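> I would like to see how this sequence folds:
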Amino acid sequence: MDEVRLRVIELLMEGEQSGQAIAERLGVSRAAVWKHLKAWQDQGLAIAGSPRRGYRLLEKPDFLFPQRVHAGLTTRQLGQNLDCHFQVDSTNLRAKQLARQGAPHGTLVLTERQTGGRGRMQRSWSSPPGGIYLSLVLRPELPPQQAFRVTMIAAVALREAIAALGADAAIKWPNDVLVGGRKVCGML
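Residues are numbered from 1 along each chain as shown. A predicted model of the protein is given here:
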């Protein structure tokens, strides 16, 4: 997501701001500020604007800010390189693209909505807004014939993490995690 676009919302979270004040703080034109605000409104964010007063959020946004995600991570490797989006076709496709471009071990692709996922036998699916969807680029130091172990270890770790939160999680081997009999995660 565009860094300036995120900063516009972060500034509005501080309180009402004029378009001129936002533009000066970010080093962009007022037209650019308006364009970013319009894009946020088109995605459903409630922003009010009034002459001589400026813009204000009518409700606090509930979406992923890369800086906040990063600040909440306590890992040394996983997620330190963050690729965050409001919407992508597929986090897995994006992670593959980044991996081909040399993304480091632990690169995390994160989104709130997927529109073009592909499952087994190329079945299409989408992830509606309201969730957190992610893919992780891993470059384990294992021989290729042992790479399947990463999937199995991840399935067990995720099941244990979900169980620690009080939900009854199960593994549908080799790569799906279920809660209440419904799939909540798949690993490739």
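> can you pull the contacts of the residue nearest to residue 91 when sequence neighbours are not counted?
Counting by Cβ to Cβ, 6 or more residues apart in numbering, residue 91 lies nearest to residue 135, which is 3.8 Å off, once chain neighbours are set aside. For glycine as for every other residue, the C-beta is placed from the backbone atoms N, C-alpha and C. By Cβ atoms under 8 Å, 6 or more residues apart in numbering, the residues touching residue 135 are 91-92, 94-95, 108-109.
> So residue 135, which state does it fall into?
strand (DSSP: H, G, I helix; E, B strand; the rest coil).
> follow-up on the earlier one: compare the contacts of residue 135 and tell me which has the most neighbours.
Highest neighbour count within the contacts of residue 135, by other Cβ atoms under 10 Å: residue 109, with 26 neighbours.
> what separates it from residue 67, distance-wise?
16 Å (Cβ to Cβ, to the nearest Å).
> Centre of the chain to whichever helix in the chain runs longest, how far?
The single longest helix within the chain, with elements called by DSSP state H, is helix 148-164. For helix 148-164, the separation from the chain centroid amounts to 20 Å (computed by Cα atoms, centre = their mean, to the nearest Å).
> As a quick check, tell me the outermost residue of the chain.
residue 52 (35.3 Å; Cα atoms, centre = their mean).
> Give me the three-state assignment for it.
Going by three-state DSSP: residue 52 is coil.
> Please work out how many residues are found near the nearest residue to residue 105 once chain neighbours are set aside.
Using Cβ to Cβ, 6+ apart and skipping the chain neighbours, the partner closest in space to residue 105 is residue 139 (4.1 Å). Per other Cβ under 10 Å, the neighbour tally for residue 139 reads 12.
> What score does residue 139 have for pLDDT?
We have a pLDDT of 91 for residue 139.
> I'm done for today, thanks for sticking with me.
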